[in-house]
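Student: Turn this into a structure:
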Amino acid sequence: MPATILIVDDEKNTREGLGLALEEDYEVYLASSAEEAFNLMEAETFEVVLTDLRMAGKSGLTVIDKAIKLPNRPICIMMTAYGNVETAVEAMRRGAYDFLTKPVNLEKLDILVKRALKSRTVEEENIVLHERLDKKYSFDGIVGDSPSLQEVLDKVQLVAPSKATVLLEGETGTGKELIAQAIHQNSERSRQAFVPVHCAALAANLLESELFGHEKGAFTGATERRVGRFEAADGGTLFLDEIGEIDASTQVKLLRFLETRSFERLGSSKPVKVDVRLVCATNRNLVEMVQRGDFREDLLYRLNVITIHLPPLRERQEDLPVLLKHYIKYFSQENKVPPVRFSEGAMKILSEYRWPGNIRELRNFCENTVVLKRGSEVTEYDLDVKYSSLDAGESTPVEETSSLSTSPSLSREENEKRLLRSALVRANGNRTRAAELVGISRRTLHRKLAQWPELDFRLWFD
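Tutor: Numbers count the residues shown, from 1 in each chain. From the prediction side, this is the model:
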């Protein structure tokens, strides 16, 4: 559908001539006065308003004042004679997009209208993008109802509006970057940049330059000045993931920034001051690193203003059903396939699994299930053996199983069978006792025997 343009001019020839020039590509409306333009703007929605400045009655400035207050604000372009350029500049200060001098050059008008419409499209896309980001990283966008997760979100809600440095602790895959995004999106900095840096992904000799930038000639290969991540995040939030991986030299510069809110580019002695909110994350124990001399104690104190610990998935197992449903639905829509459901037996196994990779592992499991599953239901027999293997969450009491050995030359499946066979022999076929010996539930043992019927103790003597 063509864009709608309102042309406002009290000179008939000018008004109709501009209308003829634009009507081939746009839907054009004409108004001979500001009052007529007001009536049209109340009845129709316009993408562009092109108005003369000096008209009989009310001026073009009143048209612009009216237009910029509309719910669907159009782009306003002022037309003026050469002697009124100062007034046209005033119109731009009050909300006009640009101005043209009369007599209007039709080629310039066409270029200006197209540029204006393109800028409007970009602005609308940015609004939609920000709305999506707000939704994605709002507290409602974080899935789970467990008390441990709600405690995290309560802290995020308190911390987000502040300027305080935040340290996120937790195992790999617990969603530290998602929480950092939520802190940013729920702060006054949400319309500024969120700049993530994964410190472990960069070599020590590159990380300092990546963070703080460098001047031309600072080192071999520095052919031009480079703006670092701190400058890129000015006014916004800088997220330093895996902060425990940074080397001693970078630790010193980071400490100086936290003390002065300024830094120096490599190859320069001139301080650069920026307004950056710092959120850091680690899956390592920084206190132990300080004790070993691998991390500066004074830097830890500076980073540790507010600490938020993200619980591993095994500590929020009540969230597992809703997380599975969420990611199955997400990947089903992404791959345009019907969602699958999990049988009661499959859910029991997945609930007992400890998910060492946390949310990241669960997300990958759901994507794999959606892409590879044939049928509408996932049963316990469809699951990979690792989800129900003996080491997937149940430990074997050492004092009870010292004689139940495994062999490094055998596969994990063969070692499992060997353990179960030994346990059944020691228990003289008593399944409850055998399950206790290997530290698993009786139900898990029954499932294993159904999977490997050759282990059924009763069959050995037939």
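Student: how much space between the closest residue to His198 other than its chain neighbours and Asn285?
Tutor: In this structure, His198 finds its nearest non-sequential neighbour in Asp241, 4.8 Å apart by CB to CB, 6 or more residues apart in numbering. No exception for glycine: its C-beta is placed from N, CA and C like everyone else's. Per CB to CB, to the nearest Å, Asp241 is found 16 Å from Asn285.
Student: These two: which has the busier surroundings?
Tutor: Asp241 (20 against 13; other CB atoms under 10 Å).
Student: give the contact list for that one.
Tutor: By CB atoms under 8 Å, 6 or more residues apart in numbering, Asp241 lies in contact with 176-177, 196-200, 280-281.
Student: Need those residues in a markdown table (columns: neighbour count).
Tutor: Output for the contacts of Asp241, formatted as a markdown table (neighbours: other CB atoms under 10 Å):
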| residue | neighbour count |
| --- | --- |
| Lys176 | 23 |
| Glu177 | 17 |
| Pro196 | 17 |
| Val197 | 22 |
| His198 | 13 |
| Cys199 | 21 |
| Ala200 | 12 |
| Cys280 | 25 |
| Ala281 | 25 |
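Student: Considering the residues you listed, which is situated nearest to Arg229?
Tutor: Distance to Arg229, by CB to CB, is smallest for Val197 among the contacts of Asp241, at 5.3 Å.
Student: Thought Glu242 was touching that closest one, still the case?
Tutor: No: when contacts are counted by CB atoms under 8 Å, Val197 is not listed as touching Glu242 (9.2 Å).
Student: circling back to that earlier point, so which of the contacts of Asp241 would you say is closest to Glu264?
Tutor: Val197 (18.1 Å).
Student: Just say helix, strand or coil for that closest one.
Tutor: strand (DSSP: H, G, I helix; E, B strand; the rest coil).
Student: Quickly list what it is bridged to.
Tutor: Note on Val197: beta-bridge partners by DSSP bridges are Leu240.
Student: mind listing what it touches?
Tutor: Val197 neighbours (CB under 8 Å, 6+ apart): 210-211, 229, 238-241.
Student: Can you list the residue ranges for helices in the stretch 151-300 of the chain?
Tutor: Here the stretch 151-300 of the chain has its helices, by DSSP state H, counting those that start in this stretch, at 176-185, 204-212, 229-232, 248-260, 286-292, 297-303.
Student: what's in contact with the second one?
Tutor: By CB under 8 Å, 6+ apart, the residues outside helix 204-212 that reach it are 197, 199, 202, 218-219, 222, 226, 228-230, 246-247, 249-250, 253-254, 263-266.
Student: try it again with 7 Å
Tutor: 197, 199, 202, 226, 228-230, 246-247, 249-250, 253, 263, 265-266 (CB atoms under 7 Å, 6 or more residues apart in numbering).
Student: cool, the fourth one as well?
Tutor: Residues lying outside helix 248-260 but in contact with it, judged by CB under 7 Å, 6+ apart, are 165, 207-208, 211-212, 246, 263, 296, 298-299, 302.
Student: Only whichever of those are buried, select them in PyMOL.
Tutor: Buried residues within those, by 16 or more other CB atoms under 10 Å, are selected in PyMOL with:
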select buried, resi 165+207+208+211+212+246+263+296+299+302
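Student: got TSV for the contacts of helix 248-260, with pLDDT and distance to Tyr330 too?
Tutor: Shown next, in TSV, are the contacts of helix 248-260 (pLDDT from 0 to 100; distance: CB to CB, whole Å):
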residue	pLDDT	distance to Tyr330
Thr165	96	32
Leu207	89	33
Glu208	87	38
Leu211	92	33
Phe212	91	38
Ile246	93	34
Phe263	92	40
Arg296	95	41
Asp298	95	43
Leu299	95	38
Arg302	94	38
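Student: Okay then, goodbye and thanks.
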